[in-house]
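Trainee: The amino acid sequence is not available; the structure is as follows:
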Ligand code: SRM
Ligand code: SF4
């Protein structure tokens, strides 16, 4: 509990305090076939088990149709071919026949009815993956750079991501009891009655906690948006340690300036043998100092911002016996994936496939779901890697299989070259409608067509083929990391978006809000003059985000300041 806390703790804290096993009444409700959904309290417990209770927002006018979203815990996004087949089967049998690759290298099932929930989760566990801690006030899926092309040290970094995931996993016995055995945990048994998680304690964390690993110069996991980031320091293909980044996070709320996106501070360097100690130190600082009174102010980023980086660094050193030394030099140049076929550092081949908005599905002429399943069946040695850009990498492929895989994919309309235009290939969207209960506007369902429109506009202005990182979200929570994009559309209301500009290609700079509300049909009119100025005034090959950051945003800020000076706000009354 935060030492400065004076207000009462929020409701989630009371729930955790009263049932640290996190079992709620989940097994009892599961067994009751007359019920189609869980109670509000159980909704909170379910998150720790990797499940969100949702309802189909397209059908709300005719009543609530409950359905569940289940998120896998897939460290580093690495899956075997048999695991892929399991996930594909489960999406077909219990979900909406799509697999949703997430921005944190996982897979989500959407549209699962309560009746299918236990079977789905049991089968994920039988495939040796899990859903425990994919959500909830705990450490989430640990992510790690997936691309096998750059350095042999990637395998060590991946192994470290698995070690951290295991070290930070919650220990509750209820997950096994509910989902594997199918019975309510017996809370009257001493081991369960007195259960307290050895790392998290009785009330877990004040909020979610996210950990990621990257290997410069590629920032494909947007490392600075994580609570805890490990930036690999590699010399001669050897991992010599990590630069430590702390206090990143993107979530905010409209009209609440107390909430804001923040990029992490890099506070020091340490050797790999101290990895688990450092991870536990940062996590327990969040546990001990995070705000448990207000969930909108509970992430680690607010602790770092308000107590300061010097305090944070000293506290990590105090908890780790001073393992931090000076930050080592690093540089990031890109955040994107390497599309198409490439050779990995171990001599094998890998293929990165673009997945539009992360949604793997079959549509006429492009049966990506079937194609990937058949690859898994016919080439069982292929490793499936999910990328933080919502794509799929097929890795570990001998040269002899390359032609066969290319032909198999082509037979389902899936191309390996020129898979998408540069704008589509650099885009991401969160799910929003119809599954996300927090969505204020469309995102996944609207972005591809909007990108076509922006592409047309660029073509008209002679800017065709220029890469711009464009991301959209249905609300300000930031799930597709919009605040790092060169252009971001952040949902405010149906058909209305906040327009953010000025992120960079390396993922090291936050963008800023340029226009509070733009109506969807007016987006081209808003972008046209900006694109025209970019074309005429850019320095050399300056990217759109860099141009906005250098020219457009400072001008907009100066104009806003001048307007405020001309119309000062009335002084507050003293009476
Ligand atoms: Fe997220 C909540 C989807 C990555 C910040 N996120 C949600 C929920 C579960 C809505 C809810 O709470 O009811 C969304 C489910 C939608 C649906 O129907 O599937 C959701 N988030 C996603 C995914 C699937 C987006 C995607 O396009 O892939 C990503 C799943 C990642 C995973 O596999 O674990 C996802 N969410 C992120 C990221 C990006 C990241 O972590 O790299 C962020 C911003 C970074 C951060 O955490 O600060 C993010 N999600 C949020 C927030 C705001 C948190 C905050 O600090 O304020 C919420 C709302 C909340 O927690 O209350 C949220
Ligand atoms: Fe839902 Fe908002 Fe996240 Fe989009 S950004 S998935 S609308 S919570």
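Mentor: Structure received. Fair warning: this is a prediction, and the values are worked out from it, not measured in the lab. Ligands and ions are numbered 1, 2, ... in the order given.

Trainee: any low-confidence regions in this structure?
Mentor: Applying pLDDT under 70 to the chain picks out residues 1-5, 571-575.

Trainee: can we see that at 50?
Mentor: 1, 574-575 (pLDDT under 50).

Trainee: Might you enumerate the residues of it proximal to ligand 1?
Mentor: Residues of the chain found near ligand 1 (C-beta under 6 Å from any ligand atom) are 52, 69, 71, 102-104, 106, 108, 140-141, 208, 210, 222, 225, 249-251, 299, 358, 430-431, 435-438, 477-481. For the C-beta atoms, the positions are set from N, CA and C on the backbone; glycine is no exception.

Trainee: Apart from its neighbours in sequence, what residue is nearest the residue in the chain positioned nearest to ligand 1?
Mentor: Proximity of the chain to ligand 1 (C-beta to the nearest ligand atom) peaks at residue 251, 2.0 Å away. Spatially, and ignoring its direct neighbours in sequence, residue 251 is nearest to residue 477 (4.9 Å; C-beta to C-beta, 6 or more residues apart in numbering).

Trainee: who's in contact with residue 521?
Mentor: residue 495 (C-beta atoms under 8 Å, 6 or more residues apart in numbering).

Trainee: by contact count, what packs against the strand or helix carrying residue 230?
Mentor: Assigned by DSSP states H and E, residue 230 belongs to strand 228-235. The elements that strand 228-235 packs onto, with contact taken as 3 or more C-beta pairs under 8 Å, 6 or more residues apart in numbering; DSSP states H and E, are helix 153-167, strand 211-214, strand 238-246, helix 275-289.

Trainee: Pick the most buried one from these.
Mentor: strand 211-214 (a mean of 27; mean count of other C-beta atoms under 10 Å).

Trainee: Would you agree residue 152 is in contact with residue 347?
Mentor: No. Checked against C-beta atoms under 8 Å, the pair residue 152 and residue 347 is beyond contact range at 10.9 Å.

Trainee: Settle it for me: which of these two has more neighbours?
Mentor: When neighbours are counted by other C-beta atoms under 10 Å, residue 152 comes out ahead of the other of residue 152 and residue 347, with 15 against 8.

Trainee: hang on, the earlier thing: for the residue nearest to residue 251, which residues are in contact?
Mentor: By C-beta under 8 Å, 6+ apart, residue 477 lies in contact with 250, 251, 252, 430, 438.

Trainee: Name the SS class of it, please.
Mentor: Of the three states, residue 477 takes coil under DSSP: H, G, I helix; E, B strand; the rest coil.

Trainee: Could you shift the numbering so residue one becomes 370, and keep it that way?
Mentor: Right, with 370 as the first residue, what we last looked at is residue 846.

Trainee: Backbone dihedrals for it, please?
Mentor: Residue 846 has phi and psi values of phi -60, psi -30 when expressed as degrees, to the nearest 10.

Trainee: Would you mind measuring from it to residue 392?
Mentor: 28 Å (C-beta to C-beta, to the nearest Å).

Trainee: just residue 384 next, same as before
Mentor: Distance, residue 384 to residue 392, by C-beta to C-beta: 11 Å.

Trainee: And the helices in the stretch 620-769 of the chain?
Mentor: Taking DSSP state H, counting those that start in this stretch as the criterion, the stretch 620-769 of the chain carries its helices at 644-658, 669-676, 678-689, 737-747, 768-780.

Trainee: what's the closest of those helices to residue 927?
Mentor: With C-beta to C-beta, the closest approach to residue 927 among the helices of the stretch 620-769 of the chain belongs to helix 669-676: 26.1 Å.

Trainee: Now do the buried residues in the closest one.
Mentor: 669, 670, 671, 672, 673, 674, 676 (16 or more other C-beta atoms under 10 Å).

Trainee: so the fifth one touches residue 684, yeah?
Mentor: Yep, that's residue 673 we're talking about. No. With contact defined as C-beta under 8 Å, residue 673 does not reach residue 684; the gap is 10.0 Å.

Trainee: and the residue of the stretch 620-769 of the chain found nearest ligand 2, how many neighbours does it have?
Mentor: For the stretch 620-769 of the chain and ligand 2, the shortest gap (C-beta to the nearest ligand atom) falls at residue 620, measuring 8.5 Å. The local packing of residue 620 (other C-beta under 10 Å) involves 20 other residues.

Trainee: pretty sure it is touching residue 844, no?
Mentor: No. Applying C-beta under 8 Å as the test, residue 620 and residue 844 come out as separate, 9.7 Å apart.

Trainee: need the contact list for residue 690.
Mentor: So residue 690 contacts residue 646 (C-beta under 8 Å, 6+ apart).

Trainee: Equivalent analysis for residue 669, please.
Mentor: Residue 669 is in contact with 576, 578, 596, 597, 615, 616, 618, 651, 654, 655, 659, counting by C-beta under 8 Å, 6+ apart.

Trainee: Also residue 417?
Mentor: Residue 417 neighbours (C-beta under 8 Å, 6+ apart): 391, 501, 502, 504, 505, 506, 507, 539, 541, 573.

Trainee: give me the number of residues near residue 919?
Mentor: Neighbour count of residue 919, defined by other C-beta under 10 Å: 15.

Trainee: what do residue 384 and residue 392 both touch?
Mentor: residue 414.

Trainee: Comparing these two, which shows the higher neighbour count?
Mentor: Ranked by neighbour count (other C-beta under 10 Å), residue 384 and residue 392 place residue 392 first, with 25 against 18.

Trainee: Find the nearest non-adjacent residue to the more buried one, please.
Mentor: Using C-beta to C-beta, 6+ apart and skipping residues adjacent in sequence, the residue nearest residue 392 is residue 543, 3.6 Å away.

Trainee: Can you give me the neighbour number for that neighbour?
Mentor: Counted with other C-beta under 10 Å, the neighbours of residue 543 add up to 25.

Trainee: do you know how far it is from residue 784?
Mentor: As for residue 543, its distance to residue 784 is 46 Å (criterion: C-beta to C-beta).

Trainee: what does residue 745 give?
Mentor: Shown here: residue 745 relative to residue 784, a distance of 19 Å by C-beta to C-beta.

Trainee: And for residue 874?
Mentor: Separation of residue 874 from residue 784 (C-beta to C-beta) stands at 25 Å.

Trainee: Who has more neighbours out of those two?
Mentor: Neighbour count, other C-beta under 10 Å: between residue 874 and residue 784, residue 874 has more, with 20 against 14.

Trainee: show me the contacts for the more buried one.
Mentor: Neighbour list for residue 874: 702, 703, 704, 705, 836, 838, 855, 912, 914 [criterion: C-beta under 8 Å, 6+ apart].

Trainee: Next, it: secondary structure please.
Mentor: The assignment at residue 874 comes out as coil when based on three-state DSSP.

Trainee: hang on, the earlier thing: are any of the contacts of residue 846 buried, and which?
Mentor: Among the contacts of residue 846, those scoring as buried are 619, 620, 621, 799 (criterion: 16+ other C-beta under 10 Å).

Trainee: Just those residues: which are in strands?
Mentor: Using DSSP state E, no member of the buried ones among the contacts of residue 846 sits in strands.

Trainee: If we only consider these, which is nearest to residue 413?
Mentor: Ranked by distance to residue 413 (C-beta to C-beta), those are led by residue 620 at 17.4 Å.
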